[in-house]
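> Fold the following, please.
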Amino acid sequence: MCLADILRLSEDDLALLLPGVGLEKACDTWHAAGARLVVITFGGRGALASFDGLRVAVAVAASAVDAVDTVGAGDSFTAGLLRRPAAFGHLGGRLDALSLEAVTDACAFGARVAAPTCSVTGAGHPAHAAGPAPPRLRGRGAGGRAVLEIRCGWR
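Numbering: from 1, shown residues only. Just a heads-up that it's a prediction; the model follows:
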């Protein structure tokens, strides 16, 4: 049983978690376990997104960078992946408002967020030495739960 609606992993993660299992079978396995969105990233080669079994290969349209270090790229991609649909109110309710088009857009945005991270050593963003702004508590959501606002931006 999968307790997450969104699963993002790299092709290296996939090889470790499900050795010898193909992309399609891996997506089907995690969907059967309960994940609604599975995204497998391939670094500069893009990503495969599978939303409720509908799949889209996302080509990376990120700006070209000289890759120095990929530490933090997956986290940066994931931040962009989550930020884009959240900005349009597509997250929540087990992703009921999310579409395959929105998933494609979110993956492309995630790639653009991750690309500059690879141009410096370590998990920092090259343009912002101060580091990312901390998450802010935005208020209360449905059922009185706190809503955490995560911004893909720096001070």
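> Tell me where this protein has helices.
Applying DSSP state H to the chain gives helices spanning 11-17, 23-33, 73-87, 100-114.
> which helices and strands does the third one pack with?
Yep, that's helix 73-87 we're talking about. strand 6-10, strand 37-41, helix 100-114 (3 or more C-beta pairs under 8 Å, 6 or more residues apart in numbering; DSSP states H and E). C-betas here are computed from N, CA, C, even on glycine.
> What residues of the longest one count as buried?
Translated: helix 100-114. 102-114 (16 or more other C-beta atoms under 10 Å).
> that older thread, what's the closest of the helices of the chain to residue 55?
Set against residue 55 and scored by C-beta to C-beta, the helices of the chain come closest in helix 23-33, at 6.7 Å.
> how far does the closest one sit from the chain's center?
17 Å (C-alpha atoms, centre = their mean, to the nearest Å).
> where in this protein is pLDDT low?
Scanning the chain for pLDDT under 70 picks out 60-64, 123-155.
> Contact partners for residue 68?
When contacts are counted by C-beta atoms under 8 Å, 6 or more residues apart in numbering, residue 68 touches 118, 119, 120, 121.
> Residue 50 too?
27, 31, 37, 38, 39, 56.
> and it, bridged to which residues?
Partner residues in beta bridges with residue 50, using DSSP bridges, are residue 38, residue 55.
> What separation do you get for it and residue 67?
In this view, residue 50 and residue 67 are 26 Å apart by C-beta to C-beta, to the nearest Å.
> Mind telling me the two of the buried residues of helix 100-114 farthest from one another?
102 and 114 (18.4 Å).
> which ones are touching residue 102?
84, 85, 88, 90.
> Put the buried members of these into a PyMOL selection.
Paste this into PyMOL to select the buried members of the contacts of residue 102, with burial taken from 16+ other C-beta under 10 Å:
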select buried, resi 84+85+90
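> Could you dump the contacts of residue 102 into CSV with distance to residue 97 added?
Shown next, in CSV, are those (distance: C-beta to C-beta, whole Å):
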residue, distance to residue 97
84, 13
85, 8
88, 8
90, 5
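> still on that earlier bit, rebuild the helices of the chain as a markdown table, extending it with distance to residue 4.
Listed next are these as a markdown table, based on distance: least, C-beta to C-beta, whole Å:
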| stretch | distance to residue 4 |
| --- | --- |
| helix 11-17 | 13 |
| helix 23-33 | 9 |
| helix 73-87 | 12 |
| helix 100-114 | 15 |
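> May I see the buried residues of helix 100-114 organised as JSON lines, with distance to residue 3 added?
Output for these, formatted as JSON lines (distance: C-beta to C-beta, whole Å):
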{"residue": "102", "distance to residue 3": "23"}
{"residue": "103", "distance to residue 3": "20"}
{"residue": "104", "distance to residue 3": "25"}
{"residue": "105", "distance to residue 3": "26"}
{"residue": "106", "distance to residue 3": "21"}
{"residue": "107", "distance to residue 3": "22"}
{"residue": "108", "distance to residue 3": "27"}
{"residue": "109", "distance to residue 3": "25"}
{"residue": "110", "distance to residue 3": "22"}
{"residue": "111", "distance to residue 3": "27"}
{"residue": "112", "distance to residue 3": "29"}
{"residue": "113", "distance to residue 3": "25"}
{"residue": "114", "distance to residue 3": "25"}
